[in-house]
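Visitor: Coordinates for the following, if possible.
(2 chains)
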Amino acid sequence: MGEFEAKGQRLIGLCLLGFVLFNYPILALFNLPASVFGIPVLYAWIFFAWAVLIAAMAWVIERRG
Amino acid sequence: MLQGWVIVVTSFAYLGLLFAIAYYADKRADAGRSVIASPYIYSLSLAVYATAWTFYGSVGRAAADGVGFLPIYIGPTLMIALWWVVMRKILRISKANRITSLADFIASRYGKSALLGGAVTVIAVIGIVPYISLQLKAVSNGFLILMQYPEIVMPAKVGAVPVAQDTALWVALILALFTIAFGTRHLDAAEHHEGMVAAIAFESLVKLLAFLAVGVYVTFVVYDGFGDVFARAAANPELEPMLTPLEGVAGNYANWVWLTILSMLAIMFLPRQFQVAVVENKDERHLNKAIWLFPLYMLAINVFVLPIAFGGRLHFPAGIVDADTYVLTIPMAEKQELLALLVFIGGLSAATGMVIVETIALSTMVCNDLVMPVLLRMRSLRLNERPDLTGLLLGIRRGAIVAILLLGYLYFRLAGEAYALVSIGLISFAAVAQFAPAALGGIFWKGGTRRGAFAGLLAGFVVWAYTLLLPALARSGWLPIGLLEQGPWGLELLKPLELFGLKGLDQITHAMIWSMVANLGAYVAVSLSGSPSAEETRQASLFVDVFRGAGSAGGARFWRGTASVPQLYNLLARFLGSAGADEAFDAYARARGIAWPREQLPADAELVHHVETQLAGAIGAASARIMVASVVKEEALSLEEVRNILDEASQVVMYSHQLEQKSHELEAATTELRAANERLKELDRLKDDFLSTVTHELRTPLTSIRAFTEILNQEPEIDAAQRQKFLGIVTKETERLTRLINQVLDLAKIESGRADWHETRVDMREVILDAAGAMEQVLQEKAIRLELKLPPRVPPVRADLDRMTQVMLNLLSNAVKFCDQAAGRIEIELSERAGWLRIDVRDNGPGVAPQDREIIFEKFRQVGDTLTEKPHGTGLGLPISRHIIERHGGRIWVESRGEGACFSFTLPLARDAALDKAA
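Guide: The predicted structure follows:
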């Protein structure tokens, strides 16, 4: 049960992190008229953070022990 | 090439393929070799979340306000991270109680309340029907637009076409057929629809591939990559502000947050999501992969939304082409016929997938939680006397499927023009979000009551209807528009879109805030103001404590009464058919190792509970309760009794915890005891060794004494010199014997801790000089040179003077014995280290081999061959010395490098002596 609970808590942590990343004021920081690799910063940030969040979730779920 | 018949044939071919896949999966399931028992299929089936609304509508919304569509997919990503905690619990509860729909879940939690189940069903149907009509609209629009190829013409207003020629109607009817074929093929107590799930998973793949295809085409073929699209958008004064879309509006971030929360709730409580995530789940472990695969799917299907949206805006002049159709119209404008067809099929996949699962879920609710409870209460129908009701059940469901789809079509005909796609979807989201307090509260809070849940649902629903449905109807022209602009009866405060004067938010956020306040407030307040009934208390415990052993068998504890096996069997057979009933009883008997169908199955609480659970799978918890109650005699448990049972259960859990702890302690004690026993055995063996060695050592001198006295006794005429010599030997051996016995006694005394120690301040210089003086005679006899290296003055140690002298004499006589016979030399060195005194006694004898350096400190262990060589001593001197030194807190050891041996020992300085010195 220990490992189950630990995973659950890590995932809850990621959910809260996501809530912070995709929210005011972090989101407002990227609402700029600039671009990275031709992509507006806000869009780039959202998709980047989203991908990282999914990767972190996969890591928490799939790693053993 | 893109004539009408091509589109129609392709569409039917695609639907035929779906039929084939579903048919194959169903056959495989019947053969017991499920194709859908895989985490990947499970994840893909969850993607039924992405409907035509995603497929066409995301681009539409992005074209209007940039990132506004993203919270709808980010919300579920955040929610699914919580599934490990929340969804696992819901899955466990649902499997234990054979929950087959969301309505059933909520009804079952609050005391199997038919009223609550009915309320959830009504809200779900009212909330979801517009969403279904949205799918019909999407398919029919897509079809009509594609038909006009190569022209790009927006379809005429709905209603302009006669009903019989309306594509949407045909789509609705075909989908009804499909849904009936795979959703109600037979009655399954677990409500698994494997064929349907396989088809849905396939559709999820098709819509993803179609969307990615058009996305890649628009981004990389029509334009020159992401950078190019965005650069052109930035150069366009109309689009440029959309690159930083969150600026300006005050409520923007609030809207964003509420949309995220709304989508988090939707992914849990949309009937179709509950269906695929909970009801169709084959294995709890499939959650693992789904938790990251499903968000990945959503990420993938959204990557190209913005390029397509900007591409469309750049491509078409404003106001001509509806942004909701860009995915289809861009390939058409570029004369990509195949791609356009693929997109249409993708949209068809997204729409049909949603419609099929949603109608199955809704029809189960309508049948089990709305129609059946009413029918079973109507005595005039005499349903109790009908032997087989499976036909009736299937008939109701099929009827419900057709009715729901036709309702969807009706809404489409009447109100479909009022809003863009996204608004309709969100109104549905907000409707199902009303289930959240009752459902989530129900699995974590035991205090929630039936009245509270009902009050919350009602309040939330009324606010939802007032703030979202009413404006929708007013805009469709069904209600006077003045209702929105001036408020009812001209009351500004009650304006549906600015309730109580709350302004500056979009209408979804506005509705969510007020409906959640009303819903949660009523749920909590009413729950707290009353107290739960016995039935509610029991169900609350079964739901909230599902992980604490209150599983499927837990429910049986609460039943008291009498029943008979044939009655229970007949009851089950009426709803599941006799094959289904046989199977259920077989499974029950097998699990308990009882031979069925012989009359040995006891009609006890467990069997009754099992039958009720199976029945609940077919007709819902509330109806199952009524039916079981109608064939058994049962005692109603009072609230007090239920609480007692729960207390007992929690005590049992507590006792078992304690028992476990005790057994751990016992285990530890056993290990300790075993170790102690080993040690005792070892000591026993040592004692035996000691005894046999001692007796052996005693016998040697005794033998020699006896031999000489016998000689003296038997031969009286032996000459005087001889006699004197013999007597001398006898005396010497007797002395040795005495010494041996003394040392044995001494050692025993020290070892047992009974020795007397007289500690005083001892000057080791004096001890060494005394010992040397005592040995002077022997040293001279053997011509051994003794060298003393003593500092002029050393601090005293706290020790027993006699014992110290004994140790010195031991070491000195050892050295005498073993040093070189011809030119013996012994050296005693006294030195002072930090806090210690060290004494070394060196000889120039043969030394001690490394492997013997420890052994010589053991009792009676003299090095060398004791059989051939005459023993040099008692073999007890060094062990005794070690005991004495260790008793004084010091250490004794031997070193041997090259020539001779060096016995050393250390003694701690007396504490006050160390202080003296420091001062």
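
Visitor: C-alpha from now on. contacts and neighbour counts both.
Guide: OK.

Visitor: Is the host helix or strand of B:Leu293 in proximity to chain A?
Guide: B:Leu293 is part of helix B:286-302 when elements are defined by DSSP states H and E. Yes: residues of helix B:286-302 are located near chain A by Cα under 8 Å from any Cα of the partner chain, namely B:288-289, B:291-292, B:295-296, B:299.

Visitor: OK, contacts around whichever residue of chain A sits closest to chain B?
Guide: With Cα to the nearest Cα as the measure, the residue in chain A that lies nearest chain B is A:Gly38; the distance is 3.9 Å. For A:Gly38, the contact set (Cα atoms under 8 Å, 6 or more residues apart in numbering or on different chains) comprises B:226-228, B:230-231.

Visitor: Can you tell me which of the residues you listed are buried?
Guide: With burial judged by 16 or more other Cα atoms under 10 Å in any protein chain shown, the buried subset of those is B:226-228, B:230.

Visitor: Make TSV out of the contacts of A:Gly38 and add secondary structure, pLDDT and distance to chain A.
Guide: Rendered in TSV, the data for these read as follows (DSSP: H, G, I helix; E, B strand; the rest coil; pLDDT from 0 to 100; distance: Cα to the nearest Cα, whole Å):
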residue	secondary structure	pLDDT	distance to chain A
B:Phe226	helix	86	7
B:Gly227	helix	86	4
B:Asp228	helix	87	7
B:Phe230	helix	85	6
B:Ala231	helix	86	7
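
Visitor: mind putting those in TSV, distance to B:Leu362 included?
Guide: Shown next, in TSV, are the contacts of A:Gly38 (distance: Cα to Cα, whole Å):
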residue	distance to B:Leu362
B:Phe226	41
B:Gly227	45
B:Asp228	46
B:Phe230	43
B:Ala231	46
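
Visitor: Domain ranges for chain B, per the record?
Guide: According to automatic domain parsing, chain B is divided into the following domains: B:4-26+B:36-378+B:393-536, B:552-635, B:641-747, B:758-918.

Visitor: Residue numbers of chain A in contact with chain B?
Guide: Near chain B, the residues belonging to chain A are A:7-8, A:11-12, A:14-16, A:18-19, A:23-24, A:28, A:31-33, A:37-40, A:42-43, A:47, A:50-51, A:54-55, A:57-58, A:61-62 when assessed by Cα under 8 Å from any Cα.

Visitor: Which members of the residues you listed occur in strands, if any?
Guide: Counting by DSSP state E, the part of the residues of chain A next to chain B found in strands is A:39-40.

Visitor: PyMOL command for the buried members of the residues of chain A next to chain B?
Guide: The buried residues among the residues of chain A next to chain B can be selected in PyMOL (16+ other Cα under 10 Å) with this line:
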select buried, chain A and resi 7+8+11+12+14+15+18+19+31+39+40+42+43+47+50+51+54+55+57+58+61
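
Visitor: okay, now the residue nearest to B:Val628 when sequence neighbours are not counted: neighbour count?
Guide: Once its chain neighbours are removed from consideration, B:Val628 has its nearest residue in B:Glu612; the separation is 6.3 Å (Cα to Cα, 6 or more residues apart in numbering or on different chains). For B:Glu612, the tally of surrounding residues (other Cα atoms under 10 Å in any protein chain shown) stands at 26.

Visitor: ditto for the one 4 residues further on
Guide: With neighbours defined by other Cα under 10 Å, the count for B:Ala616 comes to 25.

Visitor: cool, and B:Arg825?
Guide: The burial count for B:Arg825: 21, using other Cα under 10 Å.

Visitor: Read off the pLDDT value for it.
Guide: Per-residue confidence (pLDDT) for B:Arg825: 87.

Visitor: Spatially nearest residue to it (excluding sequence neighbours)?
Guide: Spatial nearest neighbour of B:Arg825, excluding adjacent residues (Cα to Cα, 6+ apart): B:Arg785 at 4.7 Å.

Visitor: returning to that earlier point: out of the domains of chain B, which is closest to B:Val544?
Guide: Nearest to B:Val544 among these is domain B:4-26+B:36-378+B:393-536 (4.8 Å), distances taken as Cα to Cα.

Visitor: Ramachandran angles for the residue nearest to B:Arg825?
Guide: The phi/psi pair for B:Arg785 (degrees, to the nearest 10) reads phi -90, psi 130.

Visitor: confidence score at it?
Guide: The model's pLDDT for B:Arg785 equals 88.

Visitor: correct me, but it touches B:Gln821?
Guide: No: under the criterion of Cα atoms under 8 Å, B:Arg785 lies out of contact with B:Gln821, with a separation of 11.5 Å.

Visitor: quick one: the residue nearest to B:Val628 and B:Ile626, what's the gap?
Guide: Relative to B:Ile626, B:Glu612 is positioned 10 Å away (criterion: Cα to Cα, to the nearest Å).

Visitor: do B:Gly460 as well
Guide: Using Cα to Cα, one obtains 29 Å as the distance from B:Gly460 to B:Ile626.

Visitor: now do B:Ser527
Guide: Distance of B:Ser527 to B:Ile626, given as Cα to Cα: 25 Å.

Visitor: Please look at B:Ala62 and B:Phe69 and confirm they touch.
Guide: Yes: the pair B:Ala62 and B:Phe69 passes the contact test of Cα under 8 Å, sitting 6.2 Å apart.

Visitor: Looking at those two, which has the bigger crowd around it?
Guide: Each of B:Ala62 and B:Phe69 has its neighbours counted (other Cα under 10 Å); B:Phe69 has more, 25 against 22.

Visitor: Now do the contacts for that one.
Guide: B:58, B:61-62.

Visitor: before we move on, back to that, just give me the closest of the residues of helix B:286-302 next to chain A to B:Arg891.
Guide: Of all those, B:Asn288 has the smallest distance to B:Arg891: 61.7 Å, by Cα to Cα.

Visitor: Just give the closest residue to that closest one, not the sequence neighbours.
Guide: Setting aside the residues directly before and after it, B:Asn288 is nearest to A:Ile61 in space (Cα to Cα, 6+ apart), at 6.2 Å.

Visitor: same deal with B:Thr709?
Guide: Counting by Cα to Cα, 6+ apart, the nearest residue to B:Thr709 once its immediate chain neighbours are dropped is B:Val730, at 7.6 Å.

Visitor: what does B:Ala581 give?
Guide: Using Cα to Cα, 6+ apart and skipping residues adjacent in sequence, the residue nearest B:Ala581 is B:Ala573, 4.9 Å away.

Visitor: Need the three-state assignment for the residue of the stretch 501-650 of chain B found nearest chain A.
Guide: Among all residues of the stretch 501-650 of chain B, B:Phe547 sits closest to chain A, at 10.4 Å; criterion: Cα to the nearest Cα. Assigned by DSSP: H, G, I helix; E, B strand; the rest coil, the conformation of B:Phe547 is helix.

Visitor: What of B:Ser904?
Guide: Under three-state DSSP, the three-state class of B:Ser904 is strand.

Visitor: hang on, it packs against B:Leu837?
Guide: No: checked against Cα under 8 Å, the pair B:Ser904 and B:Leu837 is beyond contact range at 10.5 Å.
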